[in-house]
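[1] Generate a structure from the sequence data that follows.
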Amino acid sequence: MPKSRQVGSNRSGHGAIRPDIQALRALAILSVAIYHFWPHAAPGGFVGVDIFFVISGYLITGQLWRQVQNDNKVKFAQFWARRARRLLPVSLLVIVVTAFASLAIMPYTRSMLIFEEGSASAAYWQNWLMIFKSTDYLQQNIGSLSPFQHFWSLSVEEQYYIFWPFLVWLVLWASLKFRTTLRTRSFIAAGLLVIIIGLSLWGSILLTDIDSPLAYFSTFTRAWEFAGGALIAIVIDQGLVKVANPENRHWFWFAAGTVLMLSSIMLFDHNTPFPSFWAAVPTLGAMLAIYGGQSTHRFVPRQALGWAPVQFFGDISYSLYLWHWPMLVLVPIWYGKDIGNFWSLVVLVAAVGVAYLSKRFVEDPVRFGWLSRRSNGAQIALTFVAITAVLITNSSIGYRATDALKHSFASQVFKPALADVPKDVSLIDQNSCSVAKAEDAFRVCDFGDLKATTRVALLGDSHMRQYFAPLEVMAQAHHWRLTLISKSACPPLSESLIPKNVADKTCVTWQQGLASYLKNHKAFDLIFESSSSLVSAKLEHVQKSFAALVTSQIARGSKWVVIRDNPKPRSTFLACIEAHQHSVAKSCSVSRGWGLEPFDRLSLAVQGLPGVTIADFTRIYCQLSCSPVINNIIVYRDHSHLTNTFASTLRPAFEAVVPKEFLQ
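    Predicted coordinates for the structure are as follows:
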């Protein structure tokens, strides 16, 4: 059999194994795991996922293409049955175990939020759920993460496995229709892969600045990484270009690939715009390493690549990827506090042990055992049965958590009910008037008394929108035409003084839209402004820029009510309310100083300016301390925003600070 027919075969114990590819898998999983447990040790370890994508593209395309060249057909059922046996046994086991563990360990207030992700993981559309939730993978706190989140990459792979055989079939159909040679068929496939790489990479670069969650999690912006591996399988292994035999290839290619991968693991971090064009570094590195990995040159460390521990981690890489993340998320919750370096090591070692047992007693027996001898149709049917069973189990566990919350003392006494707190948002956040953090748009919406001559603006980010309920009632009562201009995580600033460290380019675009709108429309009579101090505190010279905007509108005749940002609760406030239902004020409060950090620099910047009123409601939230429950109303819906129920109680506070001429 020609060597090209063996390249990519990678069935543990059931055929040829490439030690260099197993070593790549080991590098990928260890970089991801170390990044998750000790981010500073491998700040770019998240690129391990990109390495996995390239490996998958190479191996799966090689497998499909050899079949096409030999048999002139794509055996869809056989391919999908093999993939199901390979991927589903351990993944479905992890989902079920994680769901039960979450119910047992997590507070219901937190566990009820994650079962949607468990179902999405079982159905392999977790990456799209992450996009819909606008998750920023590189900017999160471990204390608020879902134990199912890592399934996003498995979802991308599974979608690739569904889609890719059709692409191969399309090439086969075209080549048979036009009666091309086998070599021409490979050229057609290679050309199609080049197009996919170009379009997908272009989309990745474009969307990273516009919508980073979409760029990071989308199947389409990651397709080029699979296509990169596929290109090696078709162009190199099928001999479309004249290259040396695998064992005679120059050592430089493997060395260059290794340097690129290690550089991205050690030099990238959460501030690196990713994937963008930066993903090309680990992707190209993996492609070069696969190309040069079989070289027998003495500068290619074949003994090290074949070292038993390296091969071991490559062998369990899939199971370890699945197990390490839920253990990292759930163990600190069970322990009651963050774990240090020693216990992190213990958890990782335990994850390695569980991964080995899963591969030994679950993955391999299903993959190569009795199920593999059943018909492809039977295997696929059993796959759907297993996924359905897991979905039903996961939904039942989620219902149990939600039902327990609904019947708790806190839900009977406090409003909104604990299970409803995350959904208790302003109506304005449920329509299309606001602009999301990653959205590149500028919108203006009018409410209140649309026939009124008094024009009042609500200007700011999501911390302005949270006050919409009381202000809209006031607009109707006092005959204001209420105009909302808002973008999440983007405080209104002077266009000429936008801080240089505004990372989100969509915010800069929105500021330009705001400047143009204010310039080309009649000045507002009154402007309410509120923005999150969590955002503004990070921006350079933000006070000067905001003061310039306020001053420019005062000169046009506008008066301002600048709302000092609300205090922040502890991140676990909902779980605390659940655990201390009868003593919330005592057990779940934070000090005034802690709650008011970071300080609201915007309100400070304009304090004392003529025509500006500072609405400081701190006395409402905090006495000696700041409680998450006031008068049996839960104050916050998340780590910084108010519930709509509580915000609606603030009308008297607003009536007290609004200039009298607007209350006629």
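[2] quick one: low-confidence ranges for the protein?
    1-16, 134-144, 503 (pLDDT under 70).
[3] Identify the residue nearest residue 50 in space, chain neighbours excluded?
    For residue 50, ignoring the flanking residues on the chain, the nearest one in space by CB to CB, 6 or more residues apart in numbering is residue 282 at 4.6 Å. The C-beta positions use only the backbone N, C-alpha and C, and glycine is treated the same way.
[4] Export the helix or strand where the one you found lies to PDB, keeping only CA atoms.
    Per DSSP states H and E, residue 282 falls inside helix 280-292. Extracted C-alpha coordinates of helix 280-292, given in PDB (Å, rounded to 0.1, in the frame of the first residue of the first chain):
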ATOM      1  CA  ALA A 280      -2.800  31.900  11.500                       C
ATOM      2  CA  VAL A 281       0.200  31.500  13.700                       C
ATOM      3  CA  PRO A 282      -0.700  28.300  15.500                       C
ATOM      4  CA  THR A 283      -2.700  27.100  12.500                       C
ATOM      5  CA  LEU A 284       0.300  27.400  10.200                       C
ATOM      6  CA  GLY A 285       2.500  25.900  12.900                       C
ATOM      7  CA  ALA A 286       0.300  22.800  13.100                       C
ATOM      8  CA  MET A 287       0.200  22.400   9.300                       C
ATOM      9  CA  LEU A 288       4.000  22.600   9.100                       C
ATOM     10  CA  ALA A 289       4.500  20.200  12.000                       C
ATOM     11  CA  ILE A 290       2.200  17.700  10.400                       C
ATOM     12  CA  TYR A 291       4.000  18.100   7.100                       C
ATOM     13  CA  GLY A 292       7.500  17.700   8.600                       C
END
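[5] Can you give the distance from the following helix or strand past that helix to the centre of its chain?
    Reading on from helix 280-292 to the C-terminus, the next helix or strand found by DSSP H and E is helix 302-305. Here the centre of helix 302-305 is set off from its chain's centre by 36 Å, with CA atoms, centre = their mean, to the nearest Å.
[6] Likewise for stretch 305-322?
    How far stretch 305-322 lies from its chain's middle: 26 Å, per CA atoms, centre = their mean.
[7] Likewise for stretch 387-407?
    Taking mean C-alpha positions (CA atoms, centre = their mean), stretch 387-407 and its chain are 23 Å apart.
[8] mind starting the numbering at 47 from now?
    Renumbered: residue one is now 47, and that last one reads stretch 433-453.
[9] For this protein, which segments count as strands?
    For the chain, strands defined by DSSP state E occupy the ranges 491-494, 500-506, 526-532, 572-576, 605-609, 636-637, 658-661, 671-672, 675-676, 679-680.
[10] quick revisit: and the residue nearest to residue 96, how many neighbours does it have?
    If you count neighbours by other CB atoms under 10 Å, residue 328 ends up with 31.
[11] What's the separation between it and residue 234?
    Plainly put, residue 328 is 28 Å away from residue 234 if you go by CB to CB, to the nearest Å.
[12] ok, now residue 562?
    49 Å.
[13] what's the answer for residue 389, then?
    For residue 389 relative to residue 234 (CB to CB), the value is 54 Å.
[14] Those two: who's more crowded?
    residue 234 (17 against 13).
[15] what separates that one from residue 608, distance-wise?
    From residue 234 over to residue 608 the distance is 63 Å, taken as CB to CB.
[16] Please apply the same query to residue 594.
    Residue 594 is 14 Å from residue 608, by CB to CB.
[17] So those two - more neighbours on which side?
    Legend: neighbour count by other CB under 10 Å for residue 594 and residue 608, higher for residue 608 (27 against 15).
[18] quick one: contacts for that one?
    The neighbours of residue 608, taking CB atoms under 8 Å, 6 or more residues apart in numbering as the test, are 575, 576, 596, 648, 649, 652, 658, 659, 660, 661.
[19] Apply 10 Å and report the result again.
    505-506, 573-577, 592, 596, 646, 648-653, 655, 658-662 (CB atoms under 10 Å, 6 or more residues apart in numbering).
[20] what does residue 127 give?
    Residue 127 neighbours (CB under 10 Å, 6+ apart): 121, 417-418, 420-429.
[21] run the last query once more with 7 Å
    Neighbouring residues of residue 127 by CB atoms under 7 Å, 6 or more residues apart in numbering: 422, 425, 426.
[22] what does residue 247 give?
    residue 270.
[23] Who is the spatially closest residue to residue 616 that is not a sequence neighbour paired with across the strands?
    Nearest-residue entry for residue 616: residue 636, 5.7 Å, with adjacent residues in sequence omitted and distances by CB to CB, 6+ apart. Following DSSP bridges, residue 636 is listed with bridge partners residue 672.
[24] Could you check how many residues crowd around residue 636?
    Residue 636 is flanked by 19 other residues according to other CB under 10 Å.
[25] Now do it against residue 626, distance only.
    To residue 626, residue 636 is 14 Å away according to CB to CB.
[26] Could you pull out the buried residues of stretch 663-675?
    By 16 or more other CB atoms under 10 Å, the buried positions in stretch 663-675 come out as 663, 664, 666, 667, 668, 671, 672, 673, 674, 675.
[27] for the residues you listed, which one is nearest residue 248?
    residue 674 (46.2 Å; CB to CB).
[28] What distance do you get for that closest one to residue 95?
    37 Å.
[29] next one: residue 668
    43 Å.
[30] Could you do residue 610 as well?
    Distance from residue 610 to residue 95, by CB to CB: 42 Å.
[31] Kindly report the same for residue 441.
    For residue 441, the distance to residue 95 - CB to CB - is 28 Å.
[32] Also residue 286?
    28 Å.
[33] re earlier: now rank the contacts of residue 127 by neighbours and give me the top one.
    That'd be residue 425 among these, by other CB under 10 Å, with 20 neighbours.
[34] so what's it up against?
    127, 130, 131, 417.
[35] what about stretch 657-664, distance to the chain center?
    Distance, centroid of stretch 657-664 to centroid of chain: 36 Å (CA atoms, centre = their mean).
[36] start to end distance for that stretch?
    22 Å (CA to CA, to the nearest Å).
[37] which residues sit against it?
    With contact meaning CB under 7 Å, 6+ apart, stretch 657-664 is reached by 596, 600, 605-610, 613, 642, 649, 652-653, 696, 699, 703, 705.
[38] Recalculate using a threshold of 8 Å.
    596, 600, 604-610, 612-613, 638, 642, 649, 652-653, 696, 699-700, 703-705.
[39] So what's the residue count around the closest residue to residue 400 other than its chain neighbours?
    In space, and not counting its chain neighbours, residue 400 is closest to residue 369: 5.0 Å by CB to CB, 6+ apart. Neighbours of residue 369 under the rule other CB under 10 Å: 26.
[40] again, but for the one 10 residues further on
    Around residue 379 there are 19 other residues, counting by other CB under 10 Å.
[41] now residue 547
    10.
[42] Please give me every residue in contact with residue 326.
    Contacts of residue 326 by CB under 8 Å, 6+ apart are residue 247.
[43] What distance do you get for it to residue 625?
    Taking CB to CB, one finds residue 326 at 48 Å from residue 625.
[44] these two touch, right, residue 95 and residue 201?
    No - applying CB atoms under 8 Å as the test, residue 95 and residue 201 come out as separate, 11.8 Å apart.
[45] Mind checking which of residue 286 and residue 95 has more residues around it?
    The neighbour comparison of residue 286 against residue 95 (other CB under 10 Å) goes to residue 95, with 27 against 15.
[46] Which residue, other than its chain neighbours, is closest to that one?
    Residue 95's closest residue in space is residue 199 (CB to CB, 6+ apart), at 4.8 Å.
[47] What's the local residue count around that neighbour?
    Neighbour number of residue 199 under other CB under 10 Å is 21.
[48] swap in residue 80?
    18.
[49] and if you look at residue 519?
    The number of residues packed near residue 519 is 14, by other CB under 10 Å.
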